[in-house]
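Enquirer: What follows is a predicted structure for the sequence shown.
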Amino acid sequence: MKKRIIIIVASILVIAGLIVGGVIWNNRNNSAPRVSETTTVTQPTTSLTYKGKAGVTALALLQQAAKVEMTGTGDMAYVTGINGTTADTTKKQYWEFDVNGASASVGAGTYVTKDSDTITWKLSSY
């Protein structure tokens, strides 16, 4: 009888230990920060590069990749800031975009990208 009571008490202690350990483990894992796979970069920047996507404008892709400030819309859009970095007109700065290493000849809202394009935005001066 004494042996049976010892086995029961030991079993209860083991089960209690497993429960407490499980609660601690679960709390530790739930407190870890989660990162979304669709996070948009919003850190200040002076350049940004991304791949083109057939049929999508350079501006639309930029808006998917970053926080964008601009004046105008569509074909008449003019990018004034990317991820918190605003072009300072007193320093004669502007946001320029290149397509495959060459300065774009049309606006970002007009340029329809191809899958093979590499678009680079950079803070430039005139």
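Expert: Thanks, I have it.
Enquirer: out of everything not next to it in sequence, what's closest to residue 93?
Expert: residue 87 (4.2 Å; Cβ to Cβ, 6 or more residues apart in numbering). In short, each C-beta sits where N, CA and C put it, glycine included.
Enquirer: could you point out where this structure is predicted with low confidence?
Expert: 9-11, 13-14, 16-18, 20-44 (pLDDT under 70).
Enquirer: thinking again about what came up before, what's the local residue count around the residue nearest to residue 93?
Expert: As a burial measure, the neighbour count of residue 87 was computed by other Cβ atoms under 10 Å and equals 19.
Enquirer: Wait, it touches residue 94, no?
Expert: Yes: Residue 87 lies in contact with residue 94 (Cβ atoms under 8 Å); the separation is 4.9 Å.
Enquirer: Now list whatever residues contact both of those two.
Expert: When Cβ atoms under 8 Å, 6 or more residues apart in numbering defines a contact, the residues bordering residue 87 and residue 94 alike are residue 123.
Enquirer: follow-up on the earlier one: ok, now which ones touch the residue nearest to residue 93?
Expert: Under the criterion of Cβ under 8 Å, 6+ apart, the neighbours of residue 87 are 80-81, 93-95, 123.
Enquirer: do the same with residue 123
Expert: Residue 123 is in contact with 46-47, 85, 87, 93-96, counting by Cβ under 8 Å, 6+ apart.
Enquirer: quick one, domains of the chain?
Expert: The chain is divided into the following domains under automatic domain parsing: 1-34, 47-125.
Enquirer: start to end distance for the last one?
Expert: Just to be clear, that refers to domain 47-125. 13 Å (Cα to Cα, to the nearest Å).
Enquirer: try stretch 52-70
Expert: 20 Å.
Enquirer: Report the buried residues of that stretch.
Expert: In terms of neighbour count (16 or more other Cβ atoms under 10 Å), stretch 52-70 has its buried residues at 52-53, 57-59, 61-63, 65-66, 68, 70.
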